[in-house]
Every structure is written in structure tokens, then in C-alpha cells.
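S.K.: take a look and give me a structure for this.
(one chain, ligands or ions: 2)
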Amino acid sequence: MKALVKAKSEPGLWLEDVPEPEVGANDVLIDIQKTGVCGTDLHIYQWDSWAKKTIPVPMVVGHEFVGTVLETGSNVTDFHPGEIVSGEGHVVCGRCRNCLAGRRHLCAHTIGLGVNRPGAFAERLSLPMTNVWHHADDIDTDVAAIFDPLGNAVHTALHFDVLGEDVLVTGCGPIGCMAVAVAKHAGARFVVATDPNSERRALAKKMGATRTVDPMAETLTDVQAELGMKEGFDVGLEMSGNPNAFRDLLANLCHGGKCAMLGIPSEEIAIDWNTVVFNMLTIQGIYGREMYETWYQMTVMLQSGLDIAPVITSRLPYDRYEEGFAAMAAGGGGKVILDWTT
Ligand code: NAD
Ligand code: ZN
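M.R.: Ligands and ions are numbered 1, 2, ... in the order given. The predicted model follows:
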């Protein structure tokens with residue numbers, strides 16, 4: 001079968017013929033329809049220092065996907081051929097204290113799909129049944145292909161209550177933009193989104209931001225005054241990994257404000273700890289998605305009117321993946337989807 005492989009220890013990905021995946025007794029074999037390209041895949045493509053020390057070569061990459069069930073192992077009773085499915089890209093041990101307590105997103109032995117085990121940028125994928133998520137028959141398969149990053153947005157945006165609250169989102173990449181839509185859908189009053197990139201700000205506006213802000217040109221204090229806010233943002237969602245964005249966010253939270261932090265900083269960040277202490281701020285790191293409460297929340301929010309389709313800005317057949325990665329590297333657009341059915 002065809003797959004996108006990190007075949008050599010150098011920048012690039014290669015479309016190659018690889019052996020069919022094996023289907024164990026507890027596995028589901030999935031016929032891949034569409035895949036989403038993640039920032040992680042771009043890191044692997046570009047072969048940065050994180051990728052070099054993390055990815056064994058050769059490796060089939062990719063972890064955002066939708067497909068249909070082709071075949072199931074002998075222990076699998078609740079998936080059937082033809083059903084539309086996605087999957088959680090973190091394969092957990094199931095035996096550690098966190099796994100046994102149902103906190104599987106906190107498993108210390110997580111194996112990453114397309115990072116530590118063969119991934120989804122392939123015609124077929126075999127995955128343990130405990131990682132497979134069943135979609136409704138009428139789901140938009142473009143949206144189903146990006147449940148993984150939508151899950152990051154949902155996990156972050158719903159970690160603290162946002163109903164009636166004023167929310168600040170720093171970073172309008174695909175995940176920040178989806179978090180804007182989720183916070184609005186969940187009943188936030190104002191959702192203000194910052195990004196120095198004008199294309200990204202336009203996307204955040206499309207996704208429902210009350211106001212977008214160029215942090216290089218405006219201050220959040222002025223924007224708060226313009227909106228009639230008196231005490232700061234109730235909830236901050238850090239979606240950029242940028243030190244200035246994080247500092248700006250903390251400085252603009254209300255007393256008792258809460259920050260959910262998904263963005264991954266590439267360096268240590270110095271912050272004003274006095275603000276954290278005297279204003280009694282809460283900073284919560286967020287990793288991955290809750291298995292499977294976040295998946296449930298995504299499913300039902302889409303059924304109750306959440307629309308994240310505008311975040312998808314590029315759709316390509318899989319053999320034009322180079323164009324997709326170039327679009328990602330350029331930085332301005334939203335999600336890139338590769339179609340494996342062509
Ligand atoms: P992205 O790189 O596409 O978006 C980041 C955005 O931040 C860009 O649009 C950039 O212009 C913007 N930005 C840069 N400087 C800024 C500043 N000073 N103020 C405001 N915005 C600024 O990333 P993404 O794919 O949307 O992911 C968002 C973040 O979440 C990334 O840091 C990513 O690494 C991280 N992530 C974390 C997890 C997790 O489990 N914790 C999972 C997926 C992604
Ligand atoms: Zn575990």
C-alpha cells in the first residue's frame with residue numbers, strides 16, 4: 001500500500017510502497033479516506049531537533065484521519081465493516097494508575113501514532129479497538145478528519161467554565177481558531193483573539209471571534225476599554241507557545257482569572273510571578289484530549305450546531321502532499337486535508 005514515510009534522516013517525506021499493517025485480535029483495520037496535516041507532521045517533515053531525537057526512521061507519519069472499517073480482529077465485536085471512524089492518536093498502556101482510574105490522557109507510557117508507531121498517512125491503518133471512535137453516518141468527513149486537533153481545542157476551551165465569561169485566545173492557528181468557535185458555542189460573551197498574522201486574524205473572525213487583535217499594533221487594555229470590560233478576561237486560552245503572548249495573556253486576566261495553556265513554548269518563558277500570586281491566577285497545562293469525554297463533547301457539539309468547517313482551507317489528493325506541507329510552512333492558512341480515496 002501507499003504511505004507517506006519519513007524514510008531518511010533528512011528534511012522531507014517520501015511516498016512509498018510499504019507492507020500492509022497487521023491486524024491483531026484486538027485491532028480494527030481502517031481504510032483511510034482523509035487525513036489532516038498537523039504542526040507535528042510539519043516538524044517531522046522539516047526534521048527539526050525535536051523530530052530528530054523523537055522519530056525512529058523509517059516511520060509512516062500522520063495521526064489525524066477519518067476512514068471506514070475494513071476488517072476487525074477476533075476479539076472486536078462493536079465495530080463493523082463500512083462504519084465511519086476516526087481514532088485517538090495516543091495509544092496508552094491501560095495498566096498504569098492513571099489509565100486504571102480512567103485518566104488515560106495522563107498515561108505515562110503513551111505511544112504516539114505516526115511518531116512512535118506507524119501512522120495514518122497511508123491507505124490503511126491498524127489501530128487497537130480502544131482507540132477507535134465511531135462517527136455518525138452523516139458526519140462531514142472533512143471535519144471528522146480533524147477530530148484530533150479539534151479535540152485539543154475542545155479540551156482547552158472547556159477546561160474552565162466559559163458560559164457568560166470573557167475569553168482571550170492568544171494565537172489564531174487552526175487550533176486557536178477552533179477554540180474561538182468552541183468558546184462561542186459554549187456561551188462565552190466576548191471572545192477576543194490575538195495574532196500578528198492578518199490572515200490568521202481573518203480566519204479567527206470567520207470562526208466567530210468578537211474582536212481580533214494584532215498584538216504588534218494594539219494593546220489588550222485598549223481593546224478591553226473598547227468592549228466596556230472593566231476587570232480583565234475571565235479565561236485565557238494560550239494557543240501560540242509565544243512568550244510575549246503568554247505574558248500579555250497573564251497581564252490581562254481578571255483577579256482569580258484562569259489560563260488553560262495548550263501552546264508549546266520552544267524555550268523557557270519568564271513571567272511576572274507577582275501577577276500570578278497577587279491576582280490568584282490559575283495556570284493549567286493541557287495535553288491531548290480526554291479519552292473519551294473530549295471525543296463525546298466534539299460529537300455532540302457538532303450535532304448541536306458547532307461549525308468548524310471554515311478552518312479547513314486546503315484540500316488535496318494525497319500525492320500532492322508537498323503542496324500541503326508548503327502551505328503549512330507558509331503559515332497563513334488553516335487546516336490542510338489530504339484525500340486518500342483518489
Ligand atoms: P500554529 O503554529 O499554526 O499557530 C500558532 C499561532 O500563534 C500562529 O498563527 C502565530 O502567528 C501565532 N503567534 C505567534 N506569536 C504570537 C503572539 N505574540 N501573539 C499571538 N499569537 C502569536 O499552531 P496550532 O497548530 O494552531 O497549535 C497551537 C499550539 O498548540 C502550538 O504551540 C502547538 O505546538 C500546540 N499544540 C499543543 C498540543 C498539546 O497537546 N498540548 C497539541 C497540539 C498542538
Ligand atoms: Zn497508562
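S.K.: switch to C-alpha atoms for all contacts and neighbour counts from now on
M.R.: Will do.
S.K.: tell me the bridge partners for Ala3.
M.R.: Going by DSSP bridges, Ala3 is paired in beta bridges with Glu16, Ala122.
S.K.: got the contact list for the closest residue to ligand 2 within the stretch 101-250 of the chain?
M.R.: When scored by Cα to the ion, the stretch 101-250 of the chain has Cys107 as its residue closest to ligand 2, at 3.8 Å. Contacts for Cys107 (Cα atoms under 8 Å, 6 or more residues apart in numbering) come out as Val92, Cys93, Gly94, Cys96, Asn98, Cys99.
S.K.: next, count neighbours for the fifth one.
M.R.: Same thing as Asn98. Applying other Cα atoms under 10 Å, we find 15 residues neighbouring Asn98.
S.K.: any idea how far the stretch of helix or strand it belongs to is from the middle of the chain?
M.R.: Here Asn98 sits within helix 97-100, counting by DSSP states H and E. Relative to the centre of its chain, helix 97-100 is centred 23 Å away, using Cα atoms, centre = their mean, to the nearest Å.
S.K.: what does stretch 311-328 give?
M.R.: Distance, centroid of stretch 311-328 to centroid of chain: 17 Å (Cα atoms, centre = their mean).
S.K.: quick check: the residue in the stretch 151-300 of the chain that ligand 2 sits nearest to vs Arg103, distance?
M.R.: Using Cα to the ion, Met291 is the residue of the stretch 151-300 of the chain that sits closest to ligand 2, at 11.7 Å. To Arg103, Met291 is 7 Å away according to Cα to Cα, to the nearest Å.
S.K.: same thing with Pro81?
M.R.: 30 Å.
S.K.: check Phe325 too.
M.R.: Distance from Phe325 to Arg103, counting by Cα to Cα: 34 Å.
S.K.: compare those two (neighbour count), which wins?
M.R.: Phe325 (20 against 15).
S.K.: check what pLDDT that one gets.
M.R.: pLDDT, Phe325: 98.
S.K.: not counting its neighbours along the chain, what's nearest it?
M.R.: Leu42 (6.6 Å; Cα to Cα, 6 or more residues apart in numbering).
S.K.: quick one, helices of the stretch 151-300 of the chain?
M.R.: Remark: helices assigned in the stretch 151-300 of the chain by DSSP state H, counting those that start in this stretch are 174-185, 198-206, 220-227, 243-251, 273-278, 293-303.
S.K.: apologies, that question was intended for the stretch 1-150 of the chain.
M.R.: Using DSSP H, counting those that start in this stretch, helices in the stretch 1-150 of the chain cover 39-46, 49-54, 97-100, 141-144, 147-157.
S.K.: how about these in TSV, adding distance to ligand 1 and mean pLDDT?
M.R.: Converted to TSV, the helices of the stretch 1-150 of the chain look like this (distance: least, Cα to the nearest ligand atom, whole Å; pLDDT from 0 to 100):
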stretch	distance to ligand 1	mean pLDDT
helix 39-46	5	97
helix 49-54	12	95
helix 97-100	17	97
helix 141-144	15	98
helix 147-157	6	98
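S.K.: deepest-packed of these, please.
M.R.: By mean neighbour count, with neighbours taken as mean count of other Cα atoms under 10 Å, helix 147-157 ranks first of the helices of the stretch 1-150 of the chain at a mean of 26.
S.K.: and the angle for that one with helix 293-303?
M.R.: Counting by axes from the mean of the first three to the mean of the last three Cα atoms, to 10 degrees, helix 147-157 lies at 100 degrees to helix 293-303.
S.K.: gap between helix 147-157 and the chain center?
M.R.: Using Cα atoms, centre = their mean, the offset of helix 147-157 from its chain centre is 5 Å.
S.K.: by contact count, what packs against that helix?
M.R.: strand 64-72, helix 174-185, strand 253-261, helix 293-303 (3 or more Cα pairs under 8 Å, 6 or more residues apart in numbering; DSSP states H and E).
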